[in-house]
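Novice: I would like the atomic coordinates for the input below:
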Amino acid sequence: MKHLIVGPDGHGVTEYALGLARATGADVIREEAFTDAPLPDEPIHVTFTDHLFGDTAKTLLERLGPRPFSVSLHDIPQPEEGRERYERRAEIYRELADAAALAVVNSRHEARFFGGAVPSIYLPIPVIDSPFNPEPGTIGVLGFLYPGKGHEDLIAALPERRLRFLGAVSAGHEAWAATLSAEITGWLTDAELAREMGRIAVPACPHRHFSASGSLMTWLGAGRAVLVTDSDYAREIDAWLPGRLTLVGGGGWRDAVDTHEPRRVAPPAYGWAEVAEQWEEQWRFAGLT
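Specialist: Numbers count the residues shown, from 1 in each chain. Here you go, the predicted model:
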């Protein structure tokens with residue numbers, strides 16, 4: 001089974017797809033942008049987000065044709081996006097899940113979107129060698145910057161604090177990012193990111209609405225205790241990995257930051273080997289390997 005991987009290097013979903021292919025030893029069909037090039041006549045695995053494949057399922061399903069396929073679904077639609085956008089995206093995701101021999105999501109919270117009828121496999125937590133040198137008063141957020149990810153919430157709650165956003169601005173949001181009163185590092189290499197994470201006193205995941213988070217897993221892989229916006233997904237991860245998350249309710253960021261003690265904890269023993277094992281079991285069960 002070959003893996004169709006679409007998107008630029010550095011994009012979270014693309015990096016997940018590449019990591020899964022490496023961990024399972026799969027052959028890769030690699031595209032920076034989605035095309036209509038013919039696919040080999042065999043089962044195909046797709047790591048999907050509409051942000052990379054477009055706002056329709058039709059083109060992907062036409063390209064896949066009658067061959068069986070599996071799909072890893074990311075950026076699952078949520079009602080908080082607004083009714084029109086949610087309904088448009090929900091149709092795409094449900095159409096793909098219905099057509100696939102196997103559809104998988106990254107949390108039980110996401111599985112509820114499909115009525116719990118699809119399996120979930122948590123995102124891997126790769127161990128990150130991040131030197132622990134927290135600078136007093138620093139609050140840090142990882143990942144690409146775009147509206148609605150919670151950056152504005154932190155700025156509003158902590159106007160006098162030193163906020164550092166470790167990542168690049170998503171394309172098309174440069175003007176918005178220029179209005180943020182915080183330090184934005186821009187794109188970082190893995191080594192630079194590990195070093196900058198170690199300088200942060202208060203790791204934060206202020207996402208307003210999220211159902212799986214590579215940023216959170218990255219903090220955990222560096223052995224850090226993290227402040228996370230309270231949500232069903234955050235509670236799910238807190239129950240799975242107790243003692244690493246502090247759940248922050250609405251309006252609670254200032255108190256949470258003020259009482260946070262920077263500390264290191266042992267990274268969870270859950271990486272690509274464990275994720276690959278679960279995927280291979282699911283592919284066998286679905287008759288794809």
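Novice: do you have the strands of the stretch 1-150 of the chain handy? List them.
Specialist: With strands called from DSSP state E, counting those that start in this stretch, the stretch 1-150 of the chain shows them at 2-6, 28-31, 44-48, 69-73, 102-104, 138-142.
Novice: okay if I get those strands as TSV plus mean neighbour count, mean pLDDT and distance to residue 246?
Specialist: C-betas here are computed from N, CA, C, even on glycine. Below are the strands of the stretch 1-150 of the chain laid out as TSV (neighbours: other C-beta atoms under 10 Å; pLDDT from 0 to 100; distance: least, C-beta to C-beta, whole Å):
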stretch	mean neighbour count	mean pLDDT	distance to residue 246
strand 2-6	21	98	35
strand 28-31	15	98	39
strand 44-48	24	98	31
strand 69-73	24	98	29
strand 102-104	23	98	29
strand 138-142	23	96	13
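Novice: export those strands as CSV, with columns for distance to residue 95.
Specialist: Listed next are the strands of the stretch 1-150 of the chain as CSV, based on distance: least, C-beta to C-beta, whole Å:
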stretch, distance to residue 95
strand 2-6, 17
strand 28-31, 21
strand 44-48, 11
strand 69-73, 11
strand 102-104, 11
strand 138-142, 32
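Novice: which among the ones you listed is found nearest to residue 38?
Specialist: Judged by C-beta to C-beta, the one of the strands of the stretch 1-150 of the chain that comes nearest to residue 38 is strand 28-31, at 10.3 Å.
Novice: list the helices and strands that closest one packs on?
Specialist: strand 2-6 (3 or more C-beta pairs under 8 Å, 6 or more residues apart in numbering; DSSP states H and E).
Novice: list the contacts for the residue of the chain most remote from its centre?
Specialist: In the chain, residue 41 marks the outermost C-alpha relative to the chain mean, sitting 30.6 Å out by C-alpha atoms, centre = their mean. Applying C-beta atoms under 8 Å, 6 or more residues apart in numbering to residue 41 gives the contacts residue 67.
Novice: over to residue 67?
Specialist: Per C-beta under 8 Å, 6+ apart, neighbours of residue 67: 39, 41-44.
Novice: inside helices: which ones of these?
Specialist: Applying DSSP state H to those, no entry is found in helices.
Novice: and these as a markdown table, adding distance to residue 74?
Specialist: Shown next, in a markdown table, are the contacts of residue 67 (distance: C-beta to C-beta, whole Å):
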| residue | distance to residue 74 |
| --- | --- |
| 39 | 20 |
| 41 | 27 |
| 42 | 23 |
| 43 | 20 |
| 44 | 17 |
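Novice: domain assignment for this structure?
Specialist: Annotated domains of the chain cover 2-123+272-285, 138-259 [automatic domain parsing].
Novice: turn the ones you listed into a markdown table, columns for distance to residue 132.
Specialist: Shown next, in a markdown table, are the domains of the chain (distance: least, C-beta to C-beta, whole Å):
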| stretch | distance to residue 132 |
| --- | --- |
| domain 2-123+272-285 | 23 |
| domain 138-259 | 5 |
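Novice: show me the one of the ones you listed that comes nearest residue 130.
Specialist: Going by C-beta to C-beta, the one of these nearest residue 130 is domain 138-259, 4.0 Å.
Novice: ends of that closest one, how far apart?
Specialist: Start-to-end span of domain 138-259 (C-alpha to C-alpha, to the nearest Å) is 13 Å.
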